[in-house]
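S.K.: fold the following for me, if possible:
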Amino acid sequence: MSRESIRREIDDVGDIENAEHSIIATGAQAAAARESLEDYTLRFAPRSYRKWGPGVVAISALGGIAYLADFAIGANVGIANGTGNALLGIGFFAIVIVLTGYPLAYYAARYNIDLDLITRGSGFGYYGSVLTNVIFASFTFIFFALEGSIMAQGLNLGLHIPLWLGYLLSSVLIIPLVIYGMNTLAKLQVWTTPLWLIMMVLPFAYLVIKHPDAIGDFFAFSGMDTATGEPLNKGVSFAGTMLAAGVCLSLIAQIAEQIDYLRFMPPRTPENNRKWWIATLTAGPGWVFFGAIKQVVGLFLAVYLIGISVDNAGIANQPVHQFVEIYEDFLPHWLALTLAVILVVISQIKINVTNAYSGSLAWTNAFTRVTKTYPGRLVFLFFNVAIAIVLMEANMFSFLNNLLNFYANCGIAWVAVVASDIAINKYLLGISPKQPEFRRGMIYNVNPVGFGSLIVSAGASILVFFHVFGDTIQPYSPLVALVLALVLPPILAIATKGKYYLRRTDDGIDIPMHDEHGNPTDARLTCCVTGIDFERPDMIASAVPGPNGEKQYISSLALSCDKSGEHVLPAQK
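M.R.: The predicted structure follows:
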């Protein structure tokens with residue numbers, strides 16, 4: 001696909017956005033509907049908006065993984081545990097991401113809903129998934145802070161900007177780019193990805209070719225105490241592998257950010273079936289192959305820096321220093337430093353616009369559902385960025401491994417529970433409904449299958465992480481979270497006989513939900529509250545009849561803001 005055709009597809013979406021924003025409605029729910037038409041913050045992404053081809057969606061989604069945190073993570077786990085344990089841990093991490101990410105990515109692309117909406121109908125319930133929104137929002141501000149710290153290090157090294165000011169600048173710079181939503185983000189990712197690839201891949205290839213002996217040093221590296229510069233001589237062990245995997249698995253929630261793009265996939269048809277699958281698998285669980293490669297490269301560069309001088313141990317985990325060293329191998333210092341800073345800035349902007357965007361959606365989802373008030377996504381954009389700034393100012397690099405290891409327990413529990421419900425409860429056991437359901441009134445407020453599994457698996461693994469059950473089992477806390485999260489959903493689904501999945505089986509609408517190819521239909525109905533037309537999958541019958549006793553319909557967004565609950569359909573016996 002040519003760049004010109006990509007540009008035309010994105011511009012077409014902009015025309016649709018402008019048309020939809022021209023609709024005028026009144027009331028609190030109408031205001032929420034108008035503001036979220038471009039972002040589809042709380043609801044299904046309609047076919048009328050999804051005008052990108054599979055290739056554009058995939059490029060946009062993969063553009064978000066340009067972050068340099070992988071380099072820092074790979075360096076950290078390798079320095080602490082040695083190359084052998086790090087490589088095995090990264091491999092374990094990649095396998096887990098692929099297996100858990102596939103069912104989630106498929107549901108997002110097939111049914112055009114984000115991970116929050118998938119979670120609601122996959123064992124958590126309407127309010128139960130609020131907890132997972134908080135987990136995901138935490139992921140976005142942790143990694144926003146990590147990426148912002150890396151950018152601030154680059155600005156400090158290249159322009160001598162104080163770190164505290166660099167933290168502030170790297171955060172504030174992102175806000176205007178995120179305000180305009182997905183249309184702007186797609187353009188940014190598409191146009192910056194080629195430059196990013198050239199600046200990152202070619203210099204590293206040159207380094208390996210010129211210094212082949214560095215490969216042997218890399219595999220022989222057994223860890224180092226960065227405080228003393230003394231080698232640790234860590235041998236390969238299961239405990240060491242799991243400690244490395246635990247840090248890497250903090251990235252498991254990245255699939256939710258991939259899904260924020262994948263939900264805009266076009267309908268799957270016989271004509272685009274092959275491209276659709278390639279895009280879904282590559283941009284969904286496939287992101288981990290790029291991430292794992294970056295982690296290995298980050299460790300390689302750290303070992304290379306330490307090999308040059310033990311004094312580099314303190315900065316070997318900082319990507320900006322890693323790339324300055326690469327560039328200096330064939331460029332003058334001033335140019336090497338300039339290119340390294342440019343690479344860092346491009347990389348951090350590419351990922352942090354996604355972190356800020358996805359985080360604002362997660363907070364908005366949680367707040368609106370609990371309070372039935374839509375304050376606007378921009379409120380939580382500023383909120384999320386503010387938390388990230390606090391983390392940066394607290395020098396999160398000094399406790400990065402512990403922070404990521406702790407978060408991994410929560411992230412693994414959430415993602416693995418949802419993946420287990422889809423793969424086992426929906427398809428293997430047939431207890432959970434295969435068609436995802438997220439609308440208020442159609443599902444129970446809380447489903448103990450997913451919600452209970454998350455509480456137990458995350459809670460148990462956190463206790464293990466804090467040595468409650470002894471030092472011997474402590475390195476295996478991510479494994480505890482993973483195993484419990486996979487086995488508990490089918491156990492609880494069988495125990496409850498699946499009775500808490502659906503509150504109703506009939507949404508009161510006679511129009512079929514899907515077209516002849518199994519895609520969500522584009523038939524439109526008018527919302528009785530906002531007066532705006534929405535597509536059928538986003539609608540439900542209202543419990544309030546019209547002026548003449550006729551049946552009325554209400555959008556899922558308007559229903560989520562219905563404080564009285566008068567529009568919510570009664571439960572079916």
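S.K.: please report how far residue 522 lies from residue 265.
M.R.: To residue 265, residue 522 is 14 Å away according to CB to CB, to the nearest Å. Where you see a C-beta, it was placed from the backbone N, CA and C, and this is true even at glycine.
S.K.: the more surrounded of these two?
M.R.: residue 265 (29 against 14; other CB atoms under 10 Å).
S.K.: confirm that the more buried one lies within a strand, as I assumed.
M.R.: No: read with DSSP: H, G, I helix; E, B strand; the rest coil, residue 265 is coil and lies in no strand.
S.K.: excluding chain neighbours, what is closest to it?
M.R.: Leaving out its chain neighbours, the residue that sits closest to residue 265 by CB to CB, 6 or more residues apart in numbering is residue 109, at 4.1 Å.
S.K.: again with residue 146
M.R.: Closest to residue 146 by CB to CB, 6+ apart is residue 69, at 4.9 Å.
S.K.: report the contact partners of the one you found.
M.R.: 143, 146-147, 150, 351 (CB atoms under 8 Å, 6 or more residues apart in numbering).
S.K.: in which helix or strand does the residue most central in space within the chain reside?
M.R.: Closest to where the C-alpha atoms of the chain average out (CA atoms, centre = their mean) is residue 257, at 2.6 Å. For residue 257, the element it lies in under DSSP states H and E is helix 254-262.
S.K.: counting contacts, what elements does the helix or strand just after that helix pack onto?
M.R.: Next helix or strand after helix 254-262 toward the C-terminus (DSSP H and E): helix 273-283. Using 3 or more CB pairs under 8 Å, 6 or more residues apart in numbering; DSSP states H and E as the contact test, the elements touching helix 273-283 are helix 54-63, helix 83-111, helix 254-262.
S.K.: for helix 273-283, buried residues please.
M.R.: For helix 273-283, the neighbour count (16 or more other CB atoms under 10 Å) marks 275-276, 279-283 as buried.
S.K.: and what of stretch 551-558?
M.R.: 552-558.
S.K.: can you list contacts of that stretch?
M.R.: Here stretch 551-558 makes contact (CB under 8 Å, 6+ apart) with 29-30, 32-33, 36, 42-44, 374, 438-440, 508-509, 525-530, 532, 534, 538-542, 544-546, 562, 567.
S.K.: residues contacting the residue nearest to the centre of the chain?
M.R.: Residue 257 neighbours (CB under 8 Å, 6+ apart): 64, 140, 354-355, 358.
S.K.: of those residues, just say which sits nearest to residue 200.
M.R.: residue 64 (15.0 Å; CB to CB).
S.K.: need the per-residue pLDDT for that closest one.
M.R.: Confidence at residue 64, expressed as pLDDT, is 64.
S.K.: then residue 139?
M.R.: Looking at residue 139, its pLDDT stands at 87.
S.K.: hang on, isn't it packed against residue 255?
M.R.: No: using CB atoms under 8 Å, residue 139 is not in contact with residue 255, being 10.3 Å away.
S.K.: phi and psi next, for residue 533.
M.R.: phi -80, psi 130 (degrees, to the nearest 10).
S.K.: surely it touches residue 539?
M.R.: No: the criterion here is CB under 8 Å, and residue 533 misses it with residue 539 at 9.4 Å.
S.K.: if you count surrounding residues, which of the two has more?
M.R.: Remark: of residue 533 and residue 539, residue 539 carries more neighbours, 26 against 16, as counted by other CB under 10 Å.
S.K.: wait, that one sits on residue 509?
M.R.: Yes: applying CB under 8 Å, one finds residue 539 in contact with residue 509, separated by 6.4 Å.
S.K.: overlap in contacts of the two?
M.R.: Jointly contacting residue 539 and residue 509 under the rule CB under 8 Å, 6+ apart are 525, 553.
S.K.: in this protein, where is pLDDT below threshold?
M.R.: 1-42, 64, 178-193, 397, 573 (pLDDT under 70).
S.K.: report the buried residues of stretch 365-375.
M.R.: So for stretch 365-375, counting by 16+ other CB under 10 Å, buried means 365-369, 372, 374.
S.K.: could you dump these into JSON lines and include secondary structure?
M.R.: Output for the buried residues of stretch 365-375, formatted as JSON lines (three-state DSSP):
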{"residue": "365", "secondary structure": "helix"}
{"residue": "366", "secondary structure": "helix"}
{"residue": "367", "secondary structure": "helix"}
{"residue": "368", "secondary structure": "helix"}
{"residue": "369", "secondary structure": "helix"}
{"residue": "372", "secondary structure": "coil"}
{"residue": "374", "secondary structure": "coil"}
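S.K.: any chance of a markdown table for those, columns distance to residue 460?
M.R.: Output for the buried residues of stretch 365-375, formatted as a markdown table (distance: CB to CB, whole Å):
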| residue | distance to residue 460 |
| --- | --- |
| 365 | 27 |
| 366 | 24 |
| 367 | 29 |
| 368 | 31 |
| 369 | 27 |
| 372 | 33 |
| 374 | 36 |
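S.K.: closest one of those to residue 396?
M.R.: Checking those one by one against residue 396 (CB to CB), the nearest turns out to be residue 366, at 23.3 Å.
S.K.: not counting its neighbours along the chain, what's nearest the closest one?
M.R.: Distances taken as CB to CB, 6+ apart place residue 133 nearest to residue 366, at 4.0 Å, with adjacent residues excluded.
S.K.: which is the next helix or strand following the host helix or strand of residue 492?
M.R.: Element membership of residue 492 [criterion: DSSP H and E] is helix 477-496. Using DSSP H and E, the helix or strand that follows helix 477-496 towards the C-terminus is strand 524-526.
S.K.: just checking: what are the partner strands of that next one?
M.R.: strand 533-535 (antiparallel) (DSSP bridges).
S.K.: run the chain-centre distance for the strand it pairs with.
M.R.: Relative to its chain's centre, strand 533-535 lies at 27 Å (CA atoms, centre = their mean, to the nearest Å).
S.K.: off-centre distance for stretch 548-557?
M.R.: Worked out by CA atoms, centre = their mean, stretch 548-557 lies 34 Å from the chain centre.
S.K.: end to end, how far does it reach?
M.R.: 25 Å (CA to CA, to the nearest Å).
S.K.: what of stretch 57-74?
M.R.: End to end - CA to CA - stretch 57-74 spans 28 Å.
S.K.: for stretch 110-119, same thing?
M.R.: This stretch, stretch 110-119, spans 15 Å end to end (CA to CA).
S.K.: strands along the protein, start to end?
M.R.: Applying DSSP state E to the chain gives strands spanning 224-225, 230-231, 524-526, 533-535, 539-541, 553-555.
S.K.: okay, the ones you listed in a markdown table with distance to residue 123 next?
M.R.: Shown next, in a markdown table, are those (distance: least, CB to CB, whole Å):
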| stretch | distance to residue 123 |
| --- | --- |
| strand 224-225 | 44 |
| strand 230-231 | 47 |
| strand 524-526 | 29 |
| strand 533-535 | 26 |
| strand 539-541 | 21 |
| strand 553-555 | 25 |
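S.K.: neighbours of residue 308, how many?
M.R.: 12.
S.K.: excluding chain neighbours, what is closest to it?
M.R.: Closest to residue 308 by CB to CB, 6+ apart is residue 325, at 7.4 Å.
S.K.: relative to residue 57, which of the contacts of residue 69 is nearest.
M.R.: Lowest distance from residue 57 to those (CB to CB) belongs to residue 351, with 17.3 Å.
S.K.: hang on, isn't that closest one packed against residue 65?
M.R.: Yes: the pair residue 351 and residue 65 qualifies as a contact (CB under 8 Å) at a distance of 7.1 Å.
S.K.: which of these two has more neighbours?
M.R.: Shown here are residue 351 and residue 65; by other CB under 10 Å, residue 351 has more neighbours (27 against 24).
S.K.: show the contacting residues for that one.
M.R.: Counted by CB under 8 Å, 6+ apart, residue 351 has contacts 64-67, 69, 143, 147.
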